[in-house]
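> predicted structure and sequence below. I'll ask about it afterward.
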Amino acid sequence: MTSVALTIAGSDSGGGAGIQADLKTFQELGVFGTSALTAITAQNTLGVHAVQPVDAGIVAAQIQAVLTDFSVNAIKTGMLFSAEIIETIAIELRGYPTIPLVIDPVMIAKGGASLLQNEAVVALKNHLLPVATLITPNIPEAEVLTGQTICSESDMELAANTLLSMGASAVLLKGGHLEDVPYAEDLFMTASGEHFLMRSKRIVTQHTHGTGCTFAAAITAELAKGHSLGEAVVTAKHFIQLAIEDGIELGHGHGPTNHAAFRKSGQLKTKEVELIERR
């Protein structure tokens, strides 16, 4: 049987992030992708030039159309833009509590443009975070959600615990924004006590557009195939690391990653990712 995943996110006309990155990632990992569009962006590797949110009623209709016809195995959210859209999504997903939900709290585009209104942060914390199977913030996003400053690995752990206390079942806090360390370290923690770190080699490149979307989409695809959350997170880390390592260098700014790299490697895990602690 073919596994099915649903992404609820914005469109990136440049193809490196958003709905486009999610659907490419689902396909690369052998999962059939469906989608509900929350916003249209005029976007390329140089930045976001315009944003048009989709009417909340149309967002609801898209979700209903997919979930009433397909047997969806996992759901991911990305750019949600407004409190109204977030509240609408929460209402629509209320009837599907057993489908794993991965929340990528997209707030800022790679070029610096805001992709989430201020009042939407409160809606995200109140309506979606408490029903999340996993939330996947980077450090700046985690700082906004928790109100805490994150400057070290111990700060990351404190912030992850705060996010768990808000209701999320698990947190993947991505540490690539930590300064003065020669590696990127991602922290995975669950409310049930699972805890591990993934350390990876830093890659010197400007072509990292859509890494957060792609990472979360890879997790969603693996969950859709029936893998455990911990297994899904580890596989997805290898997927995104290879996507960055084997760059395709498109565009004149922050270019996209190579979504095909993991498949072309024979889905082999890269030695540049180390699972350094697990309990």
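Sure, I can see it.
> and the strand or helix carrying Phe239, what other elements does it pack with?
Phe239 belongs to helix 229-245 when elements are defined using DSSP states H and E. Counting by 3 or more C-beta pairs under 8 Å, 6 or more residues apart in numbering; DSSP states H and E, the packing neighbours recorded for helix 229-245 are strand 183-190, strand 195-201, helix 211-224, helix 261-264, strand 273-278. C-beta here means a position set from N, CA and C on the backbone, and glycine is covered the same way.
> and Thr38, which of these is closest to it?
Closest to Thr38 of those is helix 211-224 (C-beta to C-beta; 12.8 Å).
> how many residues are close by Ala65?
12 (other C-beta atoms under 10 Å).
> so it lies in a helix, does it not?
Yes. Counting by DSSP: H, G, I helix; E, B strand; the rest coil, Ala65 is located in a helix.
> now it: how far from His195?
Per C-beta to C-beta, to the nearest Å, Ala65 is found 39 Å from His195.
> quickly list what Ser35 is bridged to.
Thr7 (DSSP bridges).
> distance of it relative to Ala21?
With C-beta to C-beta as the criterion, Ser35 and Ala21 are 11 Å apart.
> and those two? Which one has more around it.
Comparing Ser35 with Ala21 by other C-beta under 10 Å, the one with more neighbours is Ala21, at 29 against 21.
> okay, and the more buried one sits in which element?
Following DSSP H and E, one finds Ala21 within helix 18-28.
> give the contact list for Thr257.
Gly16, His207, Thr208, His209, Gly210, Thr211, Thr214, Ile240, Ala243, Ile244, Gly247, Ile248 (C-beta atoms under 8 Å, 6 or more residues apart in numbering).
> pipe the residues you listed into CSV and attach pLDDT and distance to Asp186 per row.
Output for the contacts of Thr257, formatted as CSV (pLDDT from 0 to 100; distance: C-beta to C-beta, whole Å):
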residue, pLDDT, distance to Asp186
Gly16, 93, 20
His207, 85, 20
Thr208, 83, 15
His209, 89, 19
Gly210, 87, 17
Thr211, 92, 12
Thr214, 96, 14
Ile240, 94, 10
Ala243, 91, 15
Ile244, 90, 13
Gly247, 84, 20
Ile248, 88, 23
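> wait, which of those residues is closest to Glu185?
Closest approach to Glu185 among these (C-beta to C-beta): Ile240, at 14.0 Å.
> so what's Val66 up against?
Listed by C-beta under 8 Å, 6+ apart, the contact set of Val66 reads Leu6, Thr34, Ser35, Ala36, Val72.
> roughly how far apart are it and Ser165?
32 Å.
> and the residue nearest to Gly255 when sequence neighbours are not counted, what does it touch?
In space, and not counting its chain neighbours, Gly255 is closest to His207: 3.7 Å by C-beta to C-beta, 6 or more residues apart in numbering. Going by C-beta under 8 Å, 6+ apart, His207 touches Ile244, Gly247, Ile248, Glu249, Leu250, His254, Gly255, Pro256, Thr257.
> out of those, who's the most crowded?
Thr257 (31 neighbours).
> who touches the closest residue to Gly176 other than its chain neighbours in this structure?
Spatially, and ignoring its direct neighbours in sequence, Gly176 is nearest to Ala184 (4.3 Å; C-beta to C-beta, 6+ apart). Residues in contact with Ala184 (C-beta under 8 Å, 6+ apart) are Lys174, Gly175, Gly176, Leu178, Arg199, Ser200, Lys201, Arg202.
> could you rerun that using 10 Å?
Residues near Ala184 by C-beta atoms under 10 Å, 6 or more residues apart in numbering: 174-178, 198-203, 237, 241, 244, 272-273.
> ok, so of those, who is nearest Glu143?
Closest to Glu143 out of the contacts of Ala184 is His177 (9.4 Å), distances taken as C-beta to C-beta.
> what number of residues lie near the closest one?
His177 has 13 neighbours, counted by other C-beta under 10 Å.
> closest one of the contacts of Thr257 to Gly47?
Set against Gly47, the nearest of the contacts of Thr257 by C-beta to C-beta is His209 (10.0 Å).
> so the closest one makes contact with Ala21?
Yes. At 8.7 Å, His209 and Ala21 qualify as touching, with contact defined as C-beta atoms under 10 Å.
> shared neighbours of those two, anything?
Common contacts of His209 and Ala21 (C-beta under 10 Å, 6+ apart): Asp12, Gly14, Gly15, Pro256, Thr257.
> how about the nearest residue to the third one, chain neighbours excluded?
To tie it back to what came earlier, the one meant is Gly15. Once flanking residues are discounted, Gly15 sits nearest to Pro256: 6.4 Å by C-beta to C-beta, 6+ apart.
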